[in-house]
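Trainee: Sequence plus the predicted model coming up.
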Amino acid sequence: MSLFKDMLKSGETLFRDTVFLSYDFQPKILYGRENEQQRFAIAIKPLLQGHNGRNLFVYGAPGIGKTTACRHVLRELEEETDETIPIYINCWKENTTYKIFYKICEEIGFKFLHNKNTNELFAMIKSKLNKGGVVFIFDEIDKLDETDFLYTILEDIYRKTIILITNYRDSYTELDERIRSRLNPEFLYFRPYNESEIANILRQRRDYAFVQGCWDEESFKEIIEKCVETNDVRIGLYLMREAGNLAEENSLRKITLANAAAAIKKAEDFHIKSKDLLEEDLRHILNIVQDNSGKKIGDVYTLYQQNGGEMSYKSFQRRIVKLKESNFISTEKVSGKDGNTTIVNFAQHKKLTDF
Ligand SMILES: Nc1ncnc2c1ncn2[C@@H]1O[C@H](COP(=O)(O)OP(=O)(O)OP(=O)(O)O)[C@@H](O)[C@H]1O
Ligand SMILES: [Mg+2]
């Protein structure tokens, strides 16, 4: 019988509740973002005192808590006062001025909006929101098709804090000059987490999501390491769920090192596949980096031009940053006799080949 004692019985599960592994879950405790939350609070505070707020431009890599930290502050604001209204818009979903105004109207309680045009929607917003303070959060602004709404809000809503969130610092320079000069934001960079912060974040989620004792430290550490390597908390959450599923499929009571390794492998395949989903110009540049890993960025650009590439060096650099932020490549700054330069490496998945 001892052969079967470590096996899950039918109906038994390793998961207490998978909701805690979902990407949208709002954890009660946020690790390592005290300073950033403080900056949000400082920007919003004047609104509570009846003044105009400050604006923030928030940027940083994917999966490092920008949205979560911001929502955390909004939740506290809601508990504190009814006079300052928080409005959160995801610009991936709402990517035009019309859609954004429509969404804002919905959020502040207007109904029967279908036959209203953009101007009419904004007139309603204005009449309601100019009674008090407003915190606008526009998340994922790099996905916007239009930015006129920002100009309109900047001009016609009086007491506000506008927080823009994006992965790319350059999204700022892409904004219209008239918007930039009115927005005049402070910049808030979200640094990647260090290993102990990632471990704390994942441990908290693990303890909520899984039955006690089903992770041994070794398997869990493997997941942390991979997550640290990619810098993206979502990868850690995904890996925990996958490893748990794999253990269950094998009726195991404990998640083994092999389960963790298989989950990591699966994430890798997923990652490699997603390369096909990159936009064509990014894919083209990635292919060149892959064939010329370890070269200086200027040399890679020359190769790109020789391959028929037409974009400017500045645009090329932006694509390199994008590829880096999506973990397809890594870059390192080096200083040599000709000054500083950046070396571009194709992402090596050293750890994976170890299994
Ligand atoms: N400090 C933290 N404490 C607890 N959980 C965190 C923390 N930071 C991030 N997370 C979790 O990591 C996941 C990703 O975070 P979030 O969605 O905020 O990333 P993001 O920086 O907005 O990424 P993107 O740029 O891709 O939108 C979420 O599930 C979130 O709960
Ligand atoms: Mg986000």
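Mentor: Done, it's in. Just so you know, these numbers come straight off a predicted model, no measurement behind them. Ligands and ions are numbered 1, 2, ... in the order given.
Trainee: which residue does the stretch 51-200 of the chain bring closest to ligand 1?
Mentor: Gly65 (2.7 Å; C-beta to the nearest ligand atom). To be clear about C-beta, it is placed using only N, CA and C from the backbone, and glycine gets the same treatment.
Trainee: Then the stretch 201-350 of the chain?
Mentor: Val233 (3.3 Å).
Trainee: give me the number of residues near that residue?
Mentor: Using other C-beta atoms under 10 Å, Val233 has 22 neighbouring residues.
Trainee: Could you report the separation of the residue lying closest to it once chain neighbours are set aside from Leu14?
Mentor: Once flanking residues are discounted, Val233 sits nearest to Gly63: 4.8 Å by C-beta to C-beta, 6 or more residues apart in numbering. Gly63 is 24 Å from Leu14, where distance means C-beta to C-beta, to the nearest Å.
Trainee: Between the two, which has more neighbouring residues?
Mentor: Between Gly63 and Leu14, counted using other C-beta under 10 Å, the more crowded position is Gly63 (23 against 20).
Trainee: I'd assumed Arg304 was in a strand, is it?
Mentor: Quick fix: residue 304 is Tyr, not Arg. No - Tyr304 sits outside any strand when classified using DSSP: H, G, I helix; E, B strand; the rest coil, being helix.
Trainee: surely it meets Val289?
Mentor: No - Tyr304 is beyond contact range of Val289, at 9.2 Å (criterion: C-beta atoms under 8 Å).
Trainee: measure stretch 286-300 end to end?
Mentor: 10 Å (C-alpha to C-alpha, to the nearest Å).
Trainee: going forward, begin numbering at 47 instead of 1
Mentor: Yep, numbering from 47; the last one is stretch 332-346 now.
Trainee: outside of that stretch, which residues touch it?
Mentor: With contacts defined as C-beta atoms under 8 Å, 6 or more residues apart in numbering, stretch 332-346 is touched by 321, 324, 331, 349-350, 353, 363, 366, 369, 374-375, 377, 387-392.
Trainee: before we move on, back to that, need the per-residue pLDDT for the residue of the stretch 97-246 of the chain closest to ligand 1.
Mentor: Note on Gly111: pLDDT of 95.
Trainee: Quick check: it touching Glu243?
Mentor: No - using C-beta under 8 Å, Gly111 is not in contact with Glu243; the gap is 9.3 Å.
Trainee: how about the residues of the chain near ligand 1?
Mentor: Selection of the chain residues close to ligand 1 by C-beta under 6 Å from any ligand atom yields 69, 71, 73, 76-79, 108-114, 213, 247, 279-280, 283.
Trainee: Please check these and keep the buried ones.
Mentor: Buried members of the residues of the chain next to ligand 1, scored by 16 or more other C-beta atoms under 10 Å, are 76-79, 109-114, 213, 247, 279, 283.
Trainee: what about stretch 66-82, start to end distance?
Mentor: OK, stretch 66-82 end separation, C-alpha to C-alpha: 23 Å.
Trainee: I misspoke; the intended subject was stretch 223-234.
Mentor: Note: stretch 223-234 ends 20 Å apart using C-alpha to C-alpha.
Trainee: how far out from the middle of the chain is that stretch?
Mentor: Centroid separation for stretch 223-234 versus its chain: 22 Å, with C-alpha atoms, centre = their mean, to the nearest Å.
Trainee: cool, stretch 248-257 as well?
Mentor: On C-alpha atoms, centre = their mean, the centre of stretch 248-257 falls 21 Å from that of its chain.
Trainee: What's the mean pLDDT across that stretch?
Mentor: 96.
Trainee: same deal with stretch 82-102?
Mentor: Stretch 82-102 comes out at a mean pLDDT of 96.
Trainee: Who are the contact partners of Phe256?
Mentor: If you count contacts by C-beta under 8 Å, 6+ apart, Phe256 has them with 60-62, 286, 290.
Trainee: all strands of the stretch 197-346 of the chain, in order?
Mentor: Assigned by DSSP state E, counting those that start in this stretch, the strands in the stretch 197-346 of the chain fall at 206-212, 232-235, 341-342.
Trainee: I'd like those laid out as JSON lines, including mean neighbour count and mean pLDDT.
Mentor: Listed next are those as JSON lines, based on neighbours: other C-beta atoms under 10 Å; pLDDT from 0 to 100:
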{"stretch": "strand 206-212", "mean neighbour count": "24", "mean pLDDT": "97"}
{"stretch": "strand 232-235", "mean neighbour count": "14", "mean pLDDT": "97"}
{"stretch": "strand 341-342", "mean neighbour count": "16", "mean pLDDT": "94"}
